[in-house]
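Engineer: Pasted the sequence and its predicted model underneath.
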Amino acid sequence: MKALVSRLDSFGDVLLAGPAVRAVAARADRVTLLCGPRGEPAARLLPDVDEIIVWDAPWAGFAPPPVDRADIERLLDGVRAAGPDTALVLTSFHQSPLPTALLLRLAGVRHIAADSVDYPGSLLDVRHRRAPHAHEAEAALDLAEAAGFPRPDDGRLRVLPPPDTGALTGPGPYVVLHPGASVPARAWSAERCAQAVRELTAAGHRVVVTGGRGEKELTAHVAGAHGLDLGGRTEAAELSGVLAGAGAVVTGNTGPAHLAAAVGVPVVSLFAPVVPAERWRPWGVPCVLLGDQHAPCADSRARDCPVPGHPCLESVTAHDVLAAVEKVMQA
C-alpha cells in the first residue's frame, strides 16, 4: 500500500504531524508527504518519509498565492506519479480539509481520511471528528488511528539524528534562547530577551542565541556581549543539532519550540495566548509555560498584538525565565 499524508502549513505544523506520519509508515510500503514551502525544511527532517511533494496552497499560510490552473495540474501530476492508494489530510482545528481532499480525489486517490466539521459529500471516506481541545499532535494520531493506522510508539515528536554542531556552539552545557517568531504577536520583546541573556549568564549559564537569516540584527542585539550569536548560521538540520545539545530552550510559540521537543530537550515556552496553548504547547517534553493565558488577546489568532504594550508576554520578566530554565533542567 502507498500512502500520502498532507500537512500544508508551517515548519512547526509539519513537525507535529511526525507521529501520525510514523503511524502511517508502520502499515504502508511507501509514504509521500505533501507539504507547503514553509514546511519543507521540517519535512526533510522527519523519519519514515520516502518522498516529498511541495506545493504552495492558495488556502494556507500568511500570504497564499492566487489560484492557478497550471499549478494545480502540476500538483495533480505529482500526486498521480506518487500513486497513493490512501491519504490522510491533516489540518489545524480551524481549517477545512475539503479543498485538499477534492484535489487528491481528482488525482485518483481512492481512500481519503480527514477531520471535518463540514459535510464532505463524496470527498472523504473517513470523516473523523477530533476530540475537543486535543493537542495538534494527538489529534493527528487520533485521525490516523481512525483511518486504520494505529499508533506504533509513544507518539512523541522525532526527527532524523541531528548533526554534530560542536564547532558552532563550543562545548556544553548551554541554554538556547530563540527570540524570533513567525508573527509579532507571538514574540517576547527584543529587550526582554536581552535581559534574559544577561540574567542567565549572571546565574552561570552559557547562552546560545539562534535565529534565521532575516533575524541577524535581532539575534545580535539579544546576544549582546554575553551570549553566543548564531543568527543566520543554522539551517533546519544544524538548528536541530544546536537544540539537541542544550540543557533547555527558551522560545515563543514557533517552530524551534517543536524542534526542541523533537530532539527531547526541555522548553521554556513564552506562549502568547492568541492561539490555545492546549493545542500548540511543546509536546512530550518537560515544559514551563510563561505568559498570561487569560489576556484579552486570547484565542484571537492575531498576528499583531491587539492590546497596547503586549501585556500577555511583557508581564514575563528575565527572572521568571531564569527560574523556569532551572526548573525544567532539573526535570
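Structural biologist: Good, I have the coordinates. It should be emphasised that the depicted structure is a prediction, and the values quoted were computed from it without experimental measurement. Numbers count the residues shown, from 1 in each chain.
Engineer: Going by C-alpha atoms from here, please, whenever you check contacts or count neighbours.
Structural biologist: Fine.
Engineer: Contacts only, for residue 7.
Structural biologist: Counting by CA atoms under 8 Å, 6 or more residues apart in numbering, residue 7 touches 13, 14, 17, 33, 34, 35, 36, 89, 90, 91.
Engineer: Tell me how far the second one lies from residue 36.
Structural biologist: So that's residue 14. Taken as CA to CA, to the nearest Å, the spacing of residue 14 relative to residue 36 amounts to 9 Å.
Engineer: Could you export the helix or strand of the chain with the lowest mean pLDDT as CSV, CA atoms only?
Structural biologist: For the chain, counting by mean pLDDT, DSSP states H and E, helix 311-314 ranks last in confidence among helices and strands (a mean of 91). C-alpha atoms of helix 311-314 as CSV (Å, rounded to 0.1, in the frame of the first residue of the first chain):
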residue,chain,number,x,y,z
PRO,A,311,0.9,42.5,28.3
CYS,A,312,0.5,38.8,27.9
LEU,A,313,4.3,38.4,27.3
GLU,A,314,5.7,41.6,28.6
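Engineer: just to revisit the earlier point, pull up the overlap in contacts between residue 14 and residue 36.
Structural biologist: Applying CA under 8 Å, 6+ apart, one finds that residue 14 and residue 36 are jointly contacted by 7, 8.
Engineer: sorry, back to before: most neighbours among the contacts of residue 7, which one?
Structural biologist: Using other CA atoms under 10 Å as the neighbour definition, the contacts of residue 7 reach their maximum at residue 14, which records 30 neighbours.
Engineer: Can you report how many residues lie near residue 99?
Structural biologist: The criterion is other CA under 10 Å. On that basis, residue 99 has 13 neighbouring residues.
Engineer: ok, now the one 4 residues further on?
Structural biologist: The tally of other residues near residue 103 (other CA under 10 Å) stands at 17.
Engineer: can you give me the helices in the stretch 101-250 of the chain?
Structural biologist: With DSSP state H, counting those that start in this stretch as the criterion, the stretch 101-250 of the chain has helices at 136-146, 166-169, 190-202, 216-223, 236-244.
Engineer: tell me what the shortest one is packed against?
Structural biologist: Packing contacts for helix 166-169, counted by 3 or more CA pairs under 8 Å, 6 or more residues apart in numbering; DSSP states H and E, involve helix 236-244.
Engineer: May I see the buried residues of the helix it packs on?
Structural biologist: Residues 236, 237, 238, 239, 240, 241, 242, 243, 244 are the ones in helix 236-244 that count as buried (16 or more other CA atoms under 10 Å).
Engineer: what do you get for stretch 212-226?
Structural biologist: 212, 216, 218, 219, 220, 221, 222, 223, 226.
Engineer: any chance of these in JSON lines, plus distance to residue 304 and pLDDT?
Structural biologist: Formatted as JSON lines, these follow (distance: CA to CA, whole Å; pLDDT from 0 to 100):
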{"residue": "212", "distance to residue 304": "20", "pLDDT": "94"}
{"residue": "216", "distance to residue 304": "21", "pLDDT": "96"}
{"residue": "218", "distance to residue 304": "18", "pLDDT": "97"}
{"residue": "219", "distance to residue 304": "20", "pLDDT": "98"}
{"residue": "220", "distance to residue 304": "23", "pLDDT": "98"}
{"residue": "221", "distance to residue 304": "21", "pLDDT": "97"}
{"residue": "222", "distance to residue 304": "21", "pLDDT": "98"}
{"residue": "223", "distance to residue 304": "24", "pLDDT": "97"}
{"residue": "226", "distance to residue 304": "30", "pLDDT": "95"}
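Engineer: Next, the contact list for residue 102, please.
Structural biologist: Under the criterion of CA under 8 Å, 6+ apart, the contact partners of residue 102 comprise residue 123.
Engineer: Apply 10 Å and report the result again.
Structural biologist: The neighbourhood of residue 102, defined by CA atoms under 10 Å, 6 or more residues apart in numbering, consists of 109, 112, 120, 122, 123, 124.
Engineer: Check the residues you listed for burial and list the buried ones.
Structural biologist: 109, 112, 120, 123, 124.
Engineer: The third one: what's its closest spatial neighbour, skipping adjacent residues?
Structural biologist: Taking CA to CA, 6 or more residues apart in numbering, and ignoring the residues beside it in sequence, residue 120 has residue 98 as its nearest neighbour in space, at 6.8 Å.
Engineer: quick one: that neighbour and residue 124 touch, right?
Structural biologist: Yes: judged on CA atoms under 10 Å, residue 98 makes contact with residue 124 at a distance of 8.1 Å.
Engineer: Which parts of the stretch 151-300 of the chain are strands?
Structural biologist: Counting by DSSP state E, counting those that start in this stretch, the stretch 151-300 of the chain has these strands, from start to end: 175-178, 207-209, 228-229, 248-252, 267-270, 287-290.
Engineer: then the first one to CSV, C-alphas only?
Structural biologist: Output of strand 175-178 as CSV, limited to C-alpha atoms (Å, rounded to 0.1, in the frame of the first residue of the first chain):
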residue,chain,number,x,y,z
VAL,A,175,20.9,27.2,27.2
VAL,A,176,19.4,28.2,23.8
LEU,A,177,17.3,31.4,23.5
HIS,A,178,15.4,31.8,20.2
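Engineer: Contacts only, for the spatially most central residue of the chain.
Structural biologist: Averaging the C-alpha coordinates of the chain gives a centre point, and the residue nearest to it by CA atoms, centre = their mean is residue 12 (1.1 Å). By CA under 10 Å, 6+ apart, the residues touching residue 12 are 38, 39, 42, 43, 253, 254, 255, 256, 257, 258, 259, 280.
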